[in-house]
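> Got a predicted model here, sequence first, then my questions.
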Amino acid sequence: MPKLKVDGIEIEVPPGSTVLQACELAGKEIPRFCYHERLAIAGNCRMCLVEIKPGPPKPAASCAMPAGEGMEVFTDSPMTRKARKGVMEFLLINHPLDCPICDQGGECDLQDQAMAYGMDHSRYHENKRAVTDKYMGPLIKTIMTRCIHCTRCIRFADEVAGVPVIGAVGRGEHMEITTLERAVRSELSANVIDLCPVGALTSAPYAFMARPWELRKTETIDVMDALGSNIRVDARGAEVMRVLPRMNDDVNEEWISDKTRYACDGLKRQRLDRPYVRREGKLVPANWGEAFQTIADRIAGLPGERIAAIAGDLADCESMMALHDLMHALGSRNLDCRQDGARIDPSCRAGYIFNSGIAGIEEADAILLVGTNPRWEAPVLNARIRKRWLSGQARIGVIGQQLDLTYRYDYLGAGPETLQDLLDGGHAFAEVLKSAERPMVIVGQGALQRSDGAAVLAAVRALAEACGAIGEEWNGFNMLHTAAARVGGLDLGFVPGGGGRDLEGILSGAERGEIDVVYLLGADELDMARLGDAFVIYQGHHGDAGAHRADVILPGAAYTEKDGTYVNTEGRVQLALRASFPPGEAREDWAIVRALSEVLGKTLPYDTLLEMRKRLMEANPVFAELDERVPAEWGSFGVAGQMSSAPFESPIDNFYMTDPISRASETMARCTLELLQSAGKTGTHG
């Protein structure tokens, strides 16, 4: 390991480190615009100049200079200070003086570094150049006169997103960043806004909405998919203004999907802000007492087997736990958190989590995707797979739909026949899995939301065991969920009890008149026609499908409006914090269930959020391990049986609209129109 001195401090750095990384290890801050830890080195901006001895008699770009044995680096010498001032003077020659109207104002790298390294005057008096703005889609606003050619956006699109649509034309002063007037068709496109160190690329939906110092910032968790991306919600008053990524190397690194970032405008549309009761065929406003009494009158005298509950994809663990306890108090075991009907076996935790961990993708040397489209189901996780593929150390196979996943893969087949062929060892890719040191199998909900889903799950488990993916130090069996509530619901036991009905049993029972009352906790992805004449209680935050079918509506809080617990697809327990308050008379979901239990004469034994969370820990000790991946013990799950020949299909046919919040979002509607329907790709994508 090379040893060198940075401003007189002797340090030892890993082989292959750059001088810039060595300076940071020594605690020295080096200014930069083009360099980014997760992107390839470009060496464009020259802002990171340092003096190196022995070496050339001129400053060197520290981001591109390998750290060498015996080097002496000076980060604040007269030569370094003069060089940085000169670079900053060059960068500002053509930069417009429009900071007061720039959306980047107040959080701009160029502003900050101009204060630290800039001069109080310029020696250049020529007219500034002007560059026409470019079209990059409905999410990215461009003011290209501000661009300093750092090329971060180009490198992100090419390396991370895998959609090399952003590039440069021209040379020198005439160079321009452009997409040739095409939209950036990527589910991660808006991350270039965070990467841009100036105001050249800003958020189109957020343009001229607020200044950063006006916003109340809350660190919380995303629920738009099952990844549990760490985010920061910025709110002004009761309105969520924007969502930004928060760094977590184990989960989302520093990226978020466009849906995570922009579906937040759906939080202020089609909201349920007061209880409703259906009278004479019409939903009419009511107060909480009337709504609760209507439910109590309908449930009175009913045996538990005629009552059922279904939890939706955005439900927090506290509300599911409270509803679980209420249903049990009423004598009902008819409850299910798998509103998509996935045949997931809740008896073995290792059978329904991402055992390798999201970061574990970077250790796999063979990856098999079964019935999943990770590009739409978890775009940030898909970027991890692409990152591993780019390293050249992993071979990827796909069973299911043949789509553009942003990386090359071996297409093995469309359905269970190929899976069985792999299990029997007759397929060439079976040898790839067996010869790998750390093979990984990722099964998606598209393979499980079928009548033969339990048999498919058993076959995938058998394949993981046969190819050596299960060991003491490595568990390569992974399930990729699409719902933020799914793993939490399975962990706390929101599944049928002894003799209870699952989703299909509840729906068929309601059709035949065997189920009289169905409680929908934010469940909107059902075939509401199958509920028959059942009395439907809908508790949620948007006027979506469930609310239209409901006989009583109880207005709940959205994920930004309550403190809640969520468990991501890898089984990591994370806390979401309240960023704003729910509208009108809406209340936190667990508190609604607790209040209803009192009216029903089945008072639940907790009154505070702390007591509620103690109940969660009683249900499953995993809830005590915050932000930790708890390894699950391997066991048997799934039911071996005959698999049909029908091909696997992803459950998502429109990435931008998968839940009540995104369906209410104006921005997501615009994305659907401009990025999917205009390209004729509502079901698939390029």
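Received it, and whenever you're ready, just let me know what you need.

> The stretch 551-686 of the chain: helices as residue ranges?
Along the stretch 551-686 of the chain, counting by DSSP state H, counting those that start in this stretch, helices occupy 589-599, 609-619, 660-663, 666-671.

> which of these is buried the deepest?
Highest mean neighbour count of the helices of the stretch 551-686 of the chain: helix 660-663, a mean of 24 (counted as mean count of other CB atoms under 10 Å). Placement of C-beta: from N, CA and C, glycine included.

> Not counting it itself, show me its contacts.
By CB atoms under 8 Å, 6 or more residues apart in numbering, the residues outside helix 660-663 that reach it are 224, 259, 263-264, 266-267, 270, 314, 522, 524, 540-542, 544, 558, 656-657, 668.

> same question, stretch 493-503
By CB under 8 Å, 6+ apart, the list of residues contacting stretch 493-503 from outside reads 305, 308, 310-311, 320-321, 323-324, 328, 332-339, 341, 346, 489, 505, 509, 515, 526, 619-620.

> What number of residues are in the vicinity of residue 373?
Residue 373 has 27 neighbouring residues, counting by other CB atoms under 10 Å.

> residues in contact with it?
Taking CB under 8 Å, 6+ apart, one finds 400-401, 403, 405, 444, 446, 650, 652 in contact with residue 373.

> before we move on, the earlier item: Throw together a ChimeraX command that grabs the buried residues out of the contacts of helix 660-663.
Of the contacts of helix 660-663, the buried ones can be selected in ChimeraX as follows, counting by 16 or more other CB atoms under 10 Å:
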select :224,259,263,264,266,267,270,314,522,524,540,541,542,544,558,656,657,668
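
> Can you list which of the contacts of helix 660-663 are found in helices?
Taking DSSP state H as the definition of helices, the contacts of helix 660-663 contribute 259, 668.

> Now do the helices in the stretch 201-350 of the chain.
Here the stretch 201-350 of the chain has its helices, by DSSP H, counting those that start in this stretch, at 258-262, 288-299, 317-329.

> how about a markdown table for the ones you listed, with mean pLDDT and distance to residue 453 added?
Shown next, in a markdown table, are the helices of the stretch 201-350 of the chain (pLDDT from 0 to 100; distance: least, CB to CB, whole Å):
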| stretch | mean pLDDT | distance to residue 453 |
| --- | --- | --- |
| helix 258-262 | 97 | 26 |
| helix 288-299 | 96 | 32 |
| helix 317-329 | 97 | 22 |
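
> In this structure residue 168 contacts residue 175, no?
Yes: assessed by CB atoms under 8 Å, residue 168 is found in contact with residue 175 at 5.5 Å.

> Which neighbours do those two have in common?
residue 149.

> still on that earlier bit, so which of the contacts of residue 373 wins on neighbours?
Neighbour tally across the contacts of residue 373 (other CB under 10 Å): the maximum, 27 neighbours, falls on residue 444.

> Name the spans of this structure whose pLDDT lies under the cut-off.
678-686 (pLDDT under 70).

> Give the buried residues for stretch 619-633.
619-620, 622-623, 629-630, 632.

> again with stretch 363-378
363-378.

> out of these, which are inside strands?
Secondary structure from DSSP state E places 366-370 of the buried residues of stretch 363-378 in strands.

> May I have the residues that are in contact with residue 402?
411, 414.

> hey, where'd the helices end up in the stretch 401-550 of the chain?
Going by DSSP H, counting those that start in this stretch, the stretch 401-550 of the chain shows helices at 416-424, 428-435, 453-466, 486-492, 503-512, 545-549.

> nearest to residue 46, of those helices?
Smallest distance to residue 46 across these (CB to CB): 44.8 Å, for helix 428-435.

> Work out the gap between that closest one and the centre of the chain.
31 Å (CA atoms, centre = their mean, to the nearest Å).

> Helix 453-466 and that one, what's the angle between them?
Between helix 428-435 and helix 453-466, the angle comes out at 50 degrees (axes from the mean of the first three to the mean of the last three CA atoms, to 10 degrees).

> Restrict helix 428-435 to CA atoms and write it as CSV.
Below are the C-alpha coordinates for helix 428-435, written out as CSV (Å, rounded to 0.1, in the frame of the first residue of the first chain):
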residue,chain,number,x,y,z
ALA,A,428,-26.4,-25.0,-20.2
PHE,A,429,-27.0,-22.2,-17.7
ALA,A,430,-27.3,-24.8,-14.9
GLU,A,431,-23.6,-25.4,-15.2
VAL,A,432,-23.0,-21.6,-14.9
LEU,A,433,-24.9,-21.6,-11.6
LYS,A,434,-23.2,-24.7,-10.2
SER,A,435,-19.7,-23.5,-11.1
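
> OK, contacts around the residue nearest to residue 638 when sequence neighbours are not counted?
Distance criterion CB to CB, 6 or more residues apart in numbering; nearest residue to residue 638, sequence neighbours excluded, is residue 458 at 3.0 Å. Residues in contact with residue 458 (CB under 8 Å, 6+ apart) are 637-641.

> which residues in the stretch 51-200 of the chain form strands?
With strands called from DSSP state E, counting those that start in this stretch, the stretch 51-200 of the chain shows them at 60-61, 72-74, 140-142, 167-169, 176-178.

> Quick check: which of those strands is nearest to residue 191?
Of all these, it is strand 140-142 that lies closest to residue 191, at 10.1 Å by CB to CB.

> Need the contact partners of the closest one.
Residues from elsewhere that reach strand 140-142 (CB under 8 Å, 6+ apart): 103, 133-136, 184, 189-190, 192-193, 200-204, 207.

> Listing partners with orientation, what would you give for it?
Strand 140-142 has the following sheet partners, assigned by DSSP bridges: strand 201-203 (antiparallel).

> Provide the contact partners of the partner strand at residue level.
So strand 201-203 is in contact with 102-104, 136, 139-143, 153, 190, 192-193, 195-196, 242, going by CB under 8 Å, 6+ apart.

> and the two most separated of those residues?
The widest separation within the contacts of strand 201-203 (CB to CB) is 19.1 Å, between 153 and 242.

> If you count surrounding residues, which of those two has more?
Shown here are residue 153 and residue 242; by other CB under 10 Å, residue 153 has more neighbours (28 against 20).

> what's the burial count for the closest residue to the more buried one other than its chain neighbours?
Nearest residue to residue 153, sequence neighbours excluded (CB to CB, 6+ apart): residue 192, at 4.1 Å. Using other CB under 10 Å, residue 192 has 24 neighbouring residues.

> circling back: any chance of the helices of the stretch 551-686 of the chain in JSON lines with distance to residue 93 as columns?
JSON lines is the format used below for the helices of the stretch 551-686 of the chain (distance: least, CB to CB, whole Å):
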{"stretch": "helix 589-599", "distance to residue 93": "56"}
{"stretch": "helix 609-619", "distance to residue 93": "56"}
{"stretch": "helix 660-663", "distance to residue 93": "43"}
{"stretch": "helix 666-671", "distance to residue 93": "36"}
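
> among the helices of the stretch 201-350 of the chain, which is the most enclosed?
Using mean count of other CB under 10 Å, helix 258-262 ranks as the most buried of these, with a mean of 27.

> Straight-line length of stretch 173-193, end to end?
23 Å (CA to CA, to the nearest Å).

> contacting residues around the residue lying closest to residue 652 once chain neighbours are set aside?
Using CB to CB, 6+ apart and skipping residues adjacent in sequence, the residue nearest residue 652 is residue 376, 4.8 Å away. Each residue near residue 376 by CB under 8 Å, 6+ apart is listed here: 187, 650, 652, 655, 685.

> Could you work out the most separated pair of the residues you listed?
The widest separation within the contacts of residue 376 (CB to CB) is 13.2 Å, between 187 and 650.

> what about residue 547, distance to residue 264?
20 Å (CB to CB, to the nearest Å).

> again but with residue 170, I slipped
37 Å.

> Outside of the helix or strand residue 385 falls within itself, which residues are in contact with it?
Using DSSP states H and E, the element containing residue 385 is helix 379-390. When contacts are defined by CB under 8 Å, 6+ apart, helix 379-390 is touched by residues 159-162, 187-188, 225, 227, 229, 252-253, 255-258, 358-359, 361-362, 364, 367, 374-375, 394, 396, 405-408, 480, 569, 655.
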